[in-house]
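Visitor: coords below, sequence missing:
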């Protein structure tokens with residue numbers, strides 16, 4: 001759905017609030033901390049029926065929580081430049097400061113790195129490795145496969161430490177496959193597709209941002225104007241603040257991202273919808289000319305081949321570490 005009217009209706013037609021039990025950490029799109037949704041249908045719960053056993057398994061997982069990537073960090077840093085260049089304004093409030101914005105009086109700047117796994121991300125993968133071993137002790141492999149980006153490789157290493165223990169390096173071999181346009185890989189199949197364009201999703205993001213971000217900036221400036229006369233957060237600044245909320249959580253943990261308290265529930269939902277648009281447009285059903293199923297078929301083919309193979313009992317598990325985009329394409 002790309003029409004302006006449709007986009008506007010979907011995000012602002014229904015507003016969640018604290019009384020309804022809105023949980024911001026479940027509405028940060030693909031950047032949300034791991035959680036199990038309440039009231040999940042029985043057929044979608046993890047695990048297997050009591051009457052069944054797992055004899056063979058193919059695992060593919062996203063890397064753990066991470067630092068921002070290059071396009072995102074630039075927007076967050078621009079927000080930091082604005083607050084940093086206006087320290088006199090924010091350190092001299094006129095009257096009481098709205099509680100959710102009190103952190104501005106102490107100065108705010110971006111302290112994020114770029115691309116790499118974060119501390120919560122390391123904990124997530126180690127814990128997942130331990131839990132996977134406890135759930136499926138009968139499964140084993142002597143090799144892991146990881147996409148060539150550092151955060152993916154490190155995720156595989158932390159999972160292996162949890163799954164195999166302190167001697168993981170002596171027990172399992174980590175194979176790394178390049179993520180570039182010279183390497184055929186089901187982990188990043190779009191890199192070898194000449195007709196694939198990131199703009200398939202990013203154009204939707206820009207269209208939607210032009211609708212909802214100015215509204216956020218207008219509201220925030222109105223709230224702050226009596227206390228900080230002359231304040232002028234732009235729509236781009238508010239975009240950076242939303243990223244700072246999501247990545248403050250991904251990098252420093254829940255409750256440690258002050259920007260998260262600034263936004264109304266409907267604004268967080270609008271940001272979540274932005275992330276949905278990107279994933280659908282660039283890595284999902286919104287891809288043109290049927291690209292999605294073709295790209296995703298590489299993952300499906302690998303799963304099928306492994307599950308049908310008559311390998312040794314000791315090699316009844318395939319462990320693979322990739323991206324959320326890998327999984328999105330594989331579901332098409």
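Guide: Good, I have the coordinates. Since the structure is predicted, the reported quantities are computational estimates derived from the model, not experimental observations.

Visitor: where does the prediction get shaky in the stretch 151-300 of the chain?
Guide: Counting by pLDDT under 70, the stretch 151-300 of the chain contains no low-confidence segment.

Visitor: and the host helix or strand of residue 72, what's buried?
Guide: Following DSSP states H and E, one finds residue 72 within helix 70-84. For helix 70-84, the neighbour count (16 or more other CB atoms under 10 Å) marks 72-73, 75-77, 79-80, 82-83 as buried. (Each C-beta comes from the backbone N, C-alpha and C, glycine too.)

Visitor: quick check, nearest of the residues you listed to residue 62?
Guide: residue 72 (16.5 Å; CB to CB).

Visitor: any idea of the pLDDT on the closest one?
Guide: Note for residue 72: predicted pLDDT of 93.

Visitor: from residue 120, how far off is it?
Guide: Noted for residue 72: a distance of 17 Å to residue 120, by CB to CB, to the nearest Å.

Visitor: in the stretch 101-250 of the chain, which spans are helices?
Guide: Ranges of helices within the stretch 101-250 of the chain are 119-135, 150-164, 168-171, 199-224, 235-252, based on DSSP state H, counting those that start in this stretch.

Visitor: name the helices or strands packed onto the third one?
Guide: Translated: helix 168-171. helix 150-164 (3 or more CB pairs under 8 Å, 6 or more residues apart in numbering; DSSP states H and E).

Visitor: what does the first one give?
Guide: Secondary structure elements in contact with helix 119-135, counted by 3+ CB pairs under 8 Å, 6+ apart, are helix 150-164, helix 235-252.

Visitor: just the angle between whatever helix or strand comes next after the last one and helix 199-224, please?
Guide: It refers to helix 235-252. Scanning forward in sequence from helix 235-252 by DSSP H and E, the next helix or strand is helix 265-283. Interaxial angle, helix 265-283 versus helix 199-224 (axes from the mean of the first three to the mean of the last three CA atoms, to 10 degrees): 170 degrees.

Visitor: what's the first helix or strand after helix 265-283?
Guide: That would be, after helix 265-283 and using DSSP H and E, helix 291-308.

Visitor: ok, back up a step: residue 325: which of the helices and strands packed on helix 119-135 is closest?
Guide: helix 150-164 (11.5 Å).

Visitor: who touches the closest one?
Guide: Residues outside helix 150-164 that contact it (CB atoms under 8 Å, 6 or more residues apart in numbering) are 61-64, 66, 115-117, 121-122, 125-133, 144-147, 168-169, 171-172, 174, 176, 179, 187, 319, 321-323.

Visitor: quick check: buried residues in that helix?
Guide: In helix 150-164, counting by 16+ other CB under 10 Å, buried: 151-164.

Visitor: can I get those in JSON lines with distance to residue 225?
Guide: Converted to JSON lines, those look like this (distance: CB to CB, whole Å):
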{"residue": "151", "distance to residue 225": "40"}
{"residue": "152", "distance to residue 225": "45"}
{"residue": "153", "distance to residue 225": "48"}
{"residue": "154", "distance to residue 225": "45"}
{"residue": "155", "distance to residue 225": "44"}
{"residue": "156", "distance to residue 225": "50"}
{"residue": "157", "distance to residue 225": "50"}
{"residue": "158", "distance to residue 225": "46"}
{"residue": "159", "distance to residue 225": "49"}
{"residue": "160", "distance to residue 225": "53"}
{"residue": "161", "distance to residue 225": "51"}
{"residue": "162", "distance to residue 225": "50"}
{"residue": "163", "distance to residue 225": "54"}
{"residue": "164", "distance to residue 225": "57"}
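
Visitor: in TSV, list the helices and strands packed on helix 119-135 along with distance to residue 295.
Guide: Converted to TSV, the helices and strands packed on helix 119-135 look like this (distance: least, CB to CB, whole Å):
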stretch	distance to residue 295
helix 150-164	18
helix 235-252	26
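
Visitor: right, and those - which one's nearest residue 209?
Guide: helix 235-252 (6.4 Å).

Visitor: against residue 287, how distant is residue 272?
Guide: 21 Å.

Visitor: wait, residue 241 touches residue 79, no?
Guide: Yes: here residue 241 reaches residue 79: they are 5.8 Å apart, a contact under CB atoms under 8 Å.
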